[in-house]
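In: Next input, structure requested:
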Amino acid sequence: MTDVHLRPFVAADTDWLVTQHGDLYAREAGFDDSFGPLVRSILEAFNADHDPVCERGWIAEAGGTRLGSIFCVREDAVTAKLRLFLLVPEARGRGAGQMLLGQCMSFAREVGYDGMSLWTHESHAAACALYARNGWDLVASKPVRSFGQDLVEQRWVYRF
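Out: Here you go, the predicted model:
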């Protein structure tokens, strides 16, 4: 996928990301209507007060079409949190996910975080496999009821 490039997230991407997350997770995982508003609240908070020195978001594009996103935000003084990692179906398996993850991890390392964390569900098997291939460790797993579904919530960490 050589035509894919990453650009900084801008506030004008918010509605697209909310729609993509809501539609994709409803279609692929059966999530209910509570997921889109959660994504919107995360993005609105990021737009309102993120620190661009140590927090960033990226959009993957090809030919002017948005393909996905990833965000690096502060969890605490030494740990970055990976958020809102998404790839539209047509971008999967073509290297865009690795490109986004690599950018996010490199940024976190460059700005001085000691490590990273993320929260996901085990049903996101391809993403979890990508995390494992990149040296992330699964440190916690528990059954939950979220977004109208019985899920297994996971926490992954990475140390630089």
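In: burial measure for Cys54, as a count.
Out: When neighbours are counted by other C-beta atoms under 10 Å, Cys54 registers 17. Any C-beta I mention is one placed from the backbone N, CA and C, and that applies to glycine too.
In: out of everything not next to it in sequence, what's closest to it?
Out: Spatial nearest neighbour of Cys54, excluding adjacent residues (C-beta to C-beta, 6 or more residues apart in numbering): Val111 at 4.8 Å.
In: can you count the residues close to Thr120?
Out: 18.
In: What lies in contact with the helix or strand hosting it?
Out: Here Thr120 sits within strand 115-121, counting by DSSP states H and E. Contact with strand 115-121 is made by 29, 72, 75, 78-83, 85, 104-105, 108, 127-128, 131, 136, 146, 151-160, as judged by C-beta atoms under 8 Å, 6 or more residues apart in numbering.
In: Stretch 57-65 too?
Out: For stretch 57-65, the surrounding residues in contact (C-beta under 8 Å, 6+ apart) are 1, 3-9, 13, 46, 66-72, 84, 87, 91, 96, 99-100, 103-104.
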